[in-house]
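A.B. asks: One predicted model, sequence on top.
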Amino acid sequence: MVPSVLIVDDEKHTREGLQQALAENYDVSVAASADEAFNLLDAQSFDVVLTDLRMPGKSGLKVIDKALALPQRPAVLMMTAYGNVESAVEAMKRGAVDFMTKPVNIERLEVLIQRALKTKTLEVEVQQLHERLDEKFSFSGIVGNSPNLVSVLDRVKLVAPSRATVLIEGESGTGKELIAQAIHQASPRARAPFVAVHCAALSESLLESELFGHERGAFTGAIERRIGRFEAAVGGTLFLDEIGEISLAIQVKLLRFLETKSIERVGGSKPIDLDVRLVAATNRSLETLVREGKFREDLFFRLNVVRIELPPLRARPDDIPPLLAHYLKFFSEENGHPPLTLEPGAIATLRSYPWPGNIRELRNFCENAVVLRRGGKLTEYDLEPKFRGASAVPGAAAPPSGIASAQPAANPFSVEETEKRLLREALLKSRGNRTKAAELMGVSRRTLHRKLAQFPELDVTDK
């Protein structure tokens, strides 16, 4: 598509001369005044506006204001026979991307227009990226409506607009970084950086340099100054995942930042003031670490301004079916495969599975299923034994140390659970054939029917 250019100049020979010079490569329109330019800008969109500064009536600065107030903003170039520093500065403050003096050099103008078009394209791409980020990390992008998840999101909505430090607790795979991103995207800092650091993945020396940066010569191999993640997150949010793994020495420096809002680079002595919001996460109990002397109590209190506890997936079973549907659809589209759907029996089985790896494990299951199945339907009989036998595994739903279980597990040794387990295995081995299942169990078909009526959730057989 040919780029469109609007030329605004009260001198007839200037605007017509520029129109002729640019007509070969651009769709050019002209206006003799700011008012004419306003009418054209209201009627159609332009990629570039080239406007004179001094004109009878409204000046070119008003044209800049009008153009840049439009939903689809053009790139604006300013030209004038009265070129001076003050005019250039004012034009650039209003949003002009560049400035030139008359008489206009056509070759330079061509270069400036191409540069302006690239700038406009970049702005559009950045805006689209922000929109995708807003959608991905918005509350509507978090799947589930169980009461405990809704309670978490209500808390996120309250804390997001503030400047408060946030501590997110939850088992591995529960989506702590997703919640941190949602806090950032819903805050006034959304257009500034969100910088994530996984503290457990780095040694103490590397983590210190990664967080705070270092000066040249601070240690062997430090051949130049390097800014750290704190400075990279200025104006935005720094997310420290697995903060319970950091050493006591780094805890001291982190405490200093929370108290003074300043840091010192490794090897430096000058405090650097920073506007950074801190969000931390842990899958361990920081209170327990404090009692064990592994985490500073004063730092814990500084971090624990607002605490958000994420429920494990086993505590929100009603969210499992929509999560499965969401990720199966996502990975099917991502891999260009036909949709993969789950039979009711498979959904019931997966819903009863404790998901010790939480959402991360569920996501991996969906990706694996999509890649290997390439569309179609997934039945209970297609699932791995670990999913089918979840209720028979003692302690399968036990949470990691420090995180309380939301509900007690069923007694795997009860008569009812034993009958259900035997019936399920017989149905699986017979692939749903009731007659064969009854033979495997050594009971009559009538007894099998009675047991299926007692446990209707298992009734996915060929009748």
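C.D. replies: Alright, I've got the coordinates. Numbering: from 1, shown residues only.
A.B. asks: where along the chain do the strands fall?
C.D. replies: For the chain, the strands identified by DSSP state E occupy 4-8, 27-31, 48-52, 75-80, 98-101, 166-169, 194-198, 237-241, 262-263, 272-273, 277-282, 306-309, 340-342, 376-378, in order along the chain.
A.B. asks: ranking the ones you listed by burial, who's on top?
C.D. replies: A comparison of the strands of the chain by mean neighbour count, using mean count of other C-beta atoms under 10 Å, puts strand 48-52 on top with a mean of 27. Every residue, glycine included, has its C-beta placed from N, CA and C.
A.B. asks: coming back round to it: got the strands of the chain as CSV, with mean pLDDT columns?
C.D. replies: What follows is those, written out as CSV (pLDDT from 0 to 100):
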stretch, mean pLDDT
strand 4-8, 93
strand 27-31, 93
strand 48-52, 91
strand 75-80, 87
strand 98-101, 82
strand 166-169, 97
strand 194-198, 94
strand 237-241, 96
strand 262-263, 94
strand 272-273, 94
strand 277-282, 97
strand 306-309, 95
strand 340-342, 92
strand 376-378, 88
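A.B. asks: export those strands to JSON lines and tack on distance to Leu178?
C.D. replies: Converted to JSON lines, the strands of the chain look like this (distance: least, C-beta to C-beta, whole Å):
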{"stretch": "strand 4-8", "distance to Leu178": "41"}
{"stretch": "strand 27-31", "distance to Leu178": "45"}
{"stretch": "strand 48-52", "distance to Leu178": "40"}
{"stretch": "strand 75-80", "distance to Leu178": "36"}
{"stretch": "strand 98-101", "distance to Leu178": "41"}
{"stretch": "strand 166-169", "distance to Leu178": "10"}
{"stretch": "strand 194-198", "distance to Leu178": "11"}
{"stretch": "strand 237-241", "distance to Leu178": "11"}
{"stretch": "strand 262-263", "distance to Leu178": "27"}
{"stretch": "strand 272-273", "distance to Leu178": "30"}
{"stretch": "strand 277-282", "distance to Leu178": "11"}
{"stretch": "strand 306-309", "distance to Leu178": "12"}
{"stretch": "strand 340-342", "distance to Leu178": "23"}
{"stretch": "strand 376-378", "distance to Leu178": "25"}
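A.B. asks: Now Glu259. Nearest residue, chain neighbours left out?
C.D. replies: What sits nearest to Glu259 in space, not counting adjacent residues and going by C-beta to C-beta, 6 or more residues apart in numbering, is Arg302, at 7.2 Å.
A.B. asks: Report how many residues lie close to the one you found.
C.D. replies: 18 (other C-beta atoms under 10 Å).
A.B. asks: Would you quantify the distance from it to Arg296?
C.D. replies: Computed with C-beta to C-beta, to the nearest Å, the distance linking Arg302 and Arg296 is 9 Å.
A.B. asks: Likewise for Thr282?
C.D. replies: Thr282 sits 14 Å away from Arg296 when distances are taken as C-beta to C-beta.
A.B. asks: What of Ala75?
C.D. replies: When C-beta to C-beta is applied, the distance between Ala75 and Arg296 equals 52 Å.
A.B. asks: repeat for Ser209
C.D. replies: For Ser209 relative to Arg296 (C-beta to C-beta), the value is 21 Å.
A.B. asks: now swap in Arg445 and tell me
C.D. replies: Distance of Arg445 to Arg296, computed by C-beta to C-beta: 67 Å.
A.B. asks: mind listing what Lys329 touches?
C.D. replies: Shown here is Lys329, whose contacts under the criterion C-beta atoms under 8 Å, 6 or more residues apart in numbering are Pro339.
A.B. asks: mind starting the numbering at 532 from now?
C.D. replies: Sounds good: first residue 532 from here, last item Lys860.
A.B. asks: Next, count neighbours for the nearest residue to Gly798 once chain neighbours are set aside.
C.D. replies: In space, Gly798 comes closest to Ala749 once its chain neighbours are excluded; the distance is 2.6 Å by C-beta to C-beta, 6+ apart. The number of residues packed around Ala749, counting by other C-beta under 10 Å, is 17.
A.B. asks: Relative to Leu581, how far out is Glu746?
C.D. replies: Using C-beta to C-beta, one gets 47 Å for the distance from Glu746 to Leu581.
A.B. asks: With Thr819 instead?
C.D. replies: In this structure, Thr819 and Leu581 are separated by 66 Å, where distance is defined by C-beta to C-beta.
A.B. asks: One more: Asn556?
C.D. replies: Asn556 sits 14 Å away from Leu581, going by C-beta to C-beta.
A.B. asks: swap in Lys589?
C.D. replies: The gap separating Lys589 from Leu581 is 16 Å, by C-beta to C-beta.
A.B. asks: give the contact list for the closest residue in space to Glu746 that isn't next to it in sequence.
C.D. replies: Leaving aside its sequence neighbours, Glu746 sits nearest to Gly798 (C-beta to C-beta, 6+ apart; 4.0 Å). Residues in contact with Gly798, defined by C-beta under 8 Å, 6+ apart, are His745, Glu746, Arg747, Gly748, Ala749, Phe750, Ala753.
A.B. asks: For the residue nearest to Ser703 when sequence neighbours are not counted, grab phi and psi.
C.D. replies: What sits nearest to Ser703 in space, not counting adjacent residues and going by C-beta to C-beta, 6+ apart, is Asn814, at 4.9 Å. Main-chain dihedrals, Asn814, degrees, to the nearest 10: phi -100, psi 10.
A.B. asks: Many thanks, I have nothing further to ask.
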